[in-house]
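A.B. asks: what shape does this take:
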Amino acid sequence: MARSALARTSAGGFPVLLSIALLLMIGGLVASDRALARSGATAARIDAEQTRFGVSKLLSNPLVDLGGISDGLGRDSSAAHFSELAEAYARAYPAVLRLWVTDERGDVVRDTTFITGSPNAAAAAHVRTPPVRERGITVVNGGPGTVSVLELASPGMTANGRPLLARSMIDPDALLRGTLAAGPQERSASAVVAGSDTLVVVGDRSAWRGDLTYAAPLKLPSNTAIVLAVAHHHGVGALRPVLWGLSLATLVFFAFGMLRERRQAARMAERSAELERLYSEVARANTAKSEFLANISHELRTPLNAIVGFVELLKDGVYGDLSPRQVPPVDRIAASATHLRHLVDQVLDIAKIAAGRLEVHPETLILRSFVLNIASELESLVNERGLSFSIAVGASLPRIRTDPTHLRQILVNLIGNAVKYTPSGGIAVRGRFIGAPSQPAVAGGRRNTPDDSTLVTQSPDPRRPWIALQVVDTGVGIAPADQARIFEEFEQVNAGPRGESMQRGTGLGLAISRRLAQLLGGDIRVDSQVGKGSTFTLWIPVHPTDLEPTVRADTPHADGSTPAISA
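C.D. replies: Presented below is the predicted three-dimensional model:
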């Protein structure tokens with residue numbers, strides 16, 4: 001139930017995480033676009049500031065050199081000298097259209113005109129401008145069909161103290177176009193504007209509708225404010241629509257995924273509820289089955305005990321001596337009743353193990369004497385089949401702490417199966433100590449023997465010490481495909497006809513033995529080859545405090561004799 005609730009919480013939280021991721025993506029996309037826009041605006045501002053200095057210099061230098069002409073004419077105002085100054089000025093500034101000098105009344109003292117390749121140069125050169133007496137730049141609009149030109153004026157003085165004014169007219173397009181065209185790749189357009197007059201435009205005129213524009217005023221002595229304006233396109237250019245397209249596609253994908261996950265979460269919640277209901281039903285059915293098996297086993301044991309008891313009384317002659325014809329049927333009844341009681345006990349053990357009601361009462365045991373006692377009880381069964389029986393459980397093995405009843409049941413099942421499936425040959429019980437790798441020697445000087453190396457790799461936990469108690473037979477063997485199946489309930493290999501119940505069995509012995517071994521903290525493994533026999537290994541854990549070996553004499557029979565079993 002807790003796992004189902006956690007699964008529902010996780011399934012419901014996943015769409016929430018997707019929603020958060022979706023919002024973060026939208027926020028990141030908007031922030032990225034704004035960052036790109038700010039970056040573009042910053043680039044436009046830097047470009048305008050850098051270009052402003054170049055444009056200001058181009059406009060200031062002709063004005064400064066014009067002042068030099070005024071000073072030169074003040075020393076020598078002859079026509080020849082003026083021509084020399086005018087030619088030098090024209091060479092320095094090819095964009096000059098006209099150069100002239102006026103006196104204090106505005107009358108032209110010297111005048112020269114330069115015709116350039118500009119379509120409106122000739123018309124602009126003959127534009128009449130009002131008198132100017134101060135140094136500065138004036139924007140002159142020649143009227144319809146002409147372009148705006150710049151008039152530069154710089155006052156001077158003759159040798160006799162007469163004031164002069166050197167004036168020049170310059171085509172701004174020819175002067176500034178080269179500088180404005182040499183901008184960065186991000187620049188889409190640039191212009192120089194004086195008031196309502198556009199002096200120069202370079203680039204795409206439609207670029208001024210964009211948002212990445214910047215205007216920088218030029219600090220010049222002029223009667224009209226002159227401004228430099230630049231326009232940039234976005235730095236990512238064509239990548240920006242692609243970025244938006246991919247981002248929107250990703251958002252749609254995430255939204256679709258979120259909706260899909262919500263539907264799956266709803267289906268998972270419904271499925272979890274259905275699984276919880278089915279699990280509850282299975283748990284109730286399993287509990288009912290276990291209770292039924294336990295109850296029916298207890299109910300069957302009562303009449304079975306009575307049958308076995310009365311059969312024993314008949315065999316003992318309590319109700320009179322049996323005739324020779326009555327002895328075989330009574331023996332058959334006793335054997336069948338004993339077998340049936342054994343089956344009922346097995347079913348009861350399975351029910352207890354499944355219900356978790358099987359208790360463990362550990363005791364300290366000396367394994368050699370314990371195995372010898374069990375072997376002495378089964379000696380007659382082995383002799384009836386004509387098999388050899390050997391015990392190789394050393395007296396130096398450490399003591400173990402386990403439940404003797406359950407351990408006895410495991411060994412009886414394993415030895416009984418070995419006898420049952422061994423038509424000829426023999427059976428051996430061997431005990432080996434498998435120490436932890438960090439303990440090459442245990443107390444008493446005992447070390448792992450070379451024979452133990454094969455079992456070390458099969459240890460359930462190599463970090464702990466174990467006793468491997470092996471039941472080895474030379475019987476029919478078990479195929480590799482069946483070695484895992486034999487430990488399942490009601491599973492048998494070559495079980496035989498159902499009519500032979502006493503020989504066939506129920507398939508519960510090995511299942512109960514493995515469960516009991518695991519209940520005791522160990523396990524049972526099998527190694528077998530068809531036609532060569534089987535080796536069942538019972539792994540018994542050893543407590544670290546019981547590693548001191550204990551030597552005890554073999555347990556004798558009630559009459560004082562020692563069991564006829566080779567050690």
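A.B. asks: which residues in the stretch 451-567 of the chain form helices?
C.D. replies: 453-456, 501-504, 509-519 (DSSP state H, counting those that start in this stretch).
A.B. asks: off-centre distance for the last one?
C.D. replies: For helix 509-519, the distance from its own C-alpha centre to the chain's C-alpha centre is 40 Å (C-alpha atoms, centre = their mean, to the nearest Å).
A.B. asks: that one - contacts with which helices or strands?
C.D. replies: With contacts taken as 3 or more C-beta pairs under 8 Å, 6 or more residues apart in numbering; DSSP states H and E, helix 509-519 sits against helix 327-355, helix 404-420, strand 523-529. In short, each C-beta sits where N, CA and C put it, glycine included.
A.B. asks: closest to residue 293 out of these?
C.D. replies: Among these, the nearest to residue 293 by C-beta to C-beta is helix 327-355 (3.8 Å).
A.B. asks: which other helices and strands contact the closest one?
C.D. replies: Packing partners of helix 327-355 (3+ C-beta pairs under 8 Å, 6+ apart): helix 239-316, helix 501-504, helix 509-519.
A.B. asks: mean confidence score for the next helix or strand along the chain from it?
C.D. replies: Read in the C-terminal direction, the helix or strand following helix 327-355 is strand 363-365, with elements assigned using DSSP states H and E. Strand 363-365 shows an average pLDDT of 91 in the prediction.
A.B. asks: show me where pLDDT drops low in the stretch 301-450 of the chain?
C.D. replies: When residues are selected by pLDDT under 70, those of the stretch 301-450 of the chain lie in 436-450.
A.B. asks: how near is residue 217 to residue 359?
C.D. replies: When C-beta to C-beta, to the nearest Å is applied, the distance between residue 217 and residue 359 equals 100 Å.
A.B. asks: please parse this structure into its domains.
C.D. replies: Here the domain parsing of the chain from automatic domain parsing is 2-232, 266-354, 359-546.
A.B. asks: show me how far the first one is from its chain's centre.
C.D. replies: Here the centre of mass of C-alpha atoms in domain 2-232, compared against the chain's by C-alpha atoms, centre = their mean, lies 59 Å away.
A.B. asks: and what of stretch 303-311?
C.D. replies: On C-alpha atoms, centre = their mean, the centre of stretch 303-311 falls 66 Å from that of its chain.
A.B. asks: flag every buried residue along it.
C.D. replies: Within stretch 303-311, the residues that qualify as buried are 304, 307, 308, 311, counting by 16 or more other C-beta atoms under 10 Å.
A.B. asks: repeat for stretch 347-357
C.D. replies: For stretch 347-357, the neighbour count (16+ other C-beta under 10 Å) marks 347, 348, 349, 350, 351, 352, 353, 354 as buried.
A.B. asks: what is the nearest of those to residue 545?
C.D. replies: residue 353 (28.7 Å).
A.B. asks: hmm, residue 518 and the closest one touching each other?
C.D. replies: No. With contact defined as C-beta atoms under 8 Å, residue 353 and residue 518 do not form a contacting pair (9.5 Å).
A.B. asks: element containing the closest residue to residue 219 other than its chain neighbours, please.
C.D. replies: Counting by C-beta to C-beta, 6 or more residues apart in numbering, residue 219 lies nearest to residue 56, which is 6.7 Å off, once chain neighbours are set aside. Counting by DSSP H and E, the element that carries residue 56 is helix 2-75.
A.B. asks: save the buried residues of stretch 303-311 as TSV, and put in distance to residue 24 too.
C.D. replies: Converted to TSV, the buried residues of stretch 303-311 look like this (distance: C-beta to C-beta, whole Å):
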residue	distance to residue 24
304	74
307	79
308	78
311	83
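A.B. asks: which of these sit farthest apart?
C.D. replies: 304 and 311 (10.5 Å).
A.B. asks: counting neighbours, what do you get for the nearest residue to residue 322 once chain neighbours are set aside?
C.D. replies: With C-beta to C-beta, 6+ apart as the measure, residue 330 is the residue that lies nearest to residue 322, at 6.2 Å, once sequence neighbours are left out. Applying other C-beta atoms under 10 Å, we find 14 other residues in the vicinity of residue 330.
A.B. asks: contacts for stretch 64-76?
C.D. replies: The list of residues contacting stretch 64-76 from outside it, by C-beta atoms under 8 Å, 6 or more residues apart in numbering, reads 81-82, 85-86, 89, 92-93, 99, 101, 110, 135, 152-159, 164-168.
A.B. asks: make it 10 Å
C.D. replies: Stretch 64-76 is touched from outside by 57, 81-82, 84-86, 88-89, 92-93, 96, 99, 101, 109-110, 135, 152-168, 170, with contacts defined as C-beta atoms under 10 Å, 6 or more residues apart in numbering.
A.B. asks: to residue 258, which of the domains of the chain lies closest?
C.D. replies: domain 2-232 (4.1 Å).
A.B. asks: average model confidence for that closest one?
C.D. replies: Domain 2-232 shows an average pLDDT of 78 in the prediction.
A.B. asks: picking up where we left off before, would you list the helices and strands packed on helix 327-355 in TSV and tack on distance to residue 459?
C.D. replies: Supplementary listing: the helices and strands packed on helix 327-355 in TSV, determined by distance: least, C-beta to C-beta, whole Å:
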stretch	distance to residue 459
helix 239-316	33
helix 501-504	35
helix 509-519	14
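A.B. asks: okay, those helices, which one's buried deepest?
C.D. replies: For these, the stretch with the most neighbours on average is helix 509-519, a mean of 21; neighbours defined as mean count of other C-beta atoms under 10 Å.
A.B. asks: hey, C-alpha coordinates of that helix in PDB?
C.D. replies: Taking only C-alpha atoms (Å, rounded to 0.1, in the frame of the first residue of the first chain), the coordinates of helix 509-519 have been written out as PDB:
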ATOM      1  CA  GLY A 509      10.500 -32.600   0.900                       C
ATOM      2  CA  LEU A 510      13.100 -30.500  -0.900                       C
ATOM      3  CA  ALA A 511      10.900 -27.400  -0.900                       C
ATOM      4  CA  ILE A 512      10.500 -27.700   2.900                       C
ATOM      5  CA  SER A 513      14.200 -28.400   3.400                       C
ATOM      6  CA  ARG A 514      15.300 -25.300   1.500                       C
ATOM      7  CA  ARG A 515      12.800 -23.100   3.300                       C
ATOM      8  CA  LEU A 516      13.900 -24.500   6.600                       C
ATOM      9  CA  ALA A 517      17.600 -24.000   5.700                       C
ATOM     10  CA  GLN A 518      16.900 -20.400   4.800                       C
ATOM     11  CA  LEU A 519      14.900 -19.900   8.000                       C
END
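A.B. asks: now that helix and strand 523-529, what's the angle there?
C.D. replies: In terms of direction (axes from the mean of the first three to the mean of the last three C-alpha atoms, to 10 degrees), helix 509-519 departs from strand 523-529 by 140 degrees.
A.B. asks: tell me the angle helix 509-519 makes with helix 327-355.
C.D. replies: Relative orientation of helix 509-519 and helix 327-355, computed by the same axes, to 10 degrees: 40 degrees.
A.B. asks: return every residue with contacts to both of residue 304 and residue 311.
C.D. replies: 337, 338.
A.B. asks: about what we covered before: comparing the helices and strands packed on helix 327-355 by mean pLDDT, which bottoms out?
C.D. replies: The bottom spot among the helices and strands packed on helix 327-355, by mean pLDDT, belongs to helix 501-504, with a mean of 50.
A.B. asks: number of residues surrounding residue 464?
C.D. replies: Counted with other C-beta under 10 Å, residues neighbouring residue 464 total 17.
A.B. asks: check residue 137 too.
C.D. replies: Residues contacting residue 137 under the criterion other C-beta under 10 Å number 22.
A.B. asks: what separation do you get for the spatially closest residue to residue 62 that is not a sequence neighbour and residue 197?
C.D. replies: Beyond its immediate neighbours in the sequence, the residue positioned closest to residue 62 (C-beta to C-beta, 6+ apart) is residue 93, lying 5.1 Å away. Here residue 93 is placed at a distance of 21 Å from residue 197 (C-beta to C-beta).
A.B. asks: more neighbours, those two?
C.D. replies: Neighbours were tallied for residue 93 and for residue 197 using other C-beta under 10 Å; the higher tally belongs to residue 93 (21 against 16).
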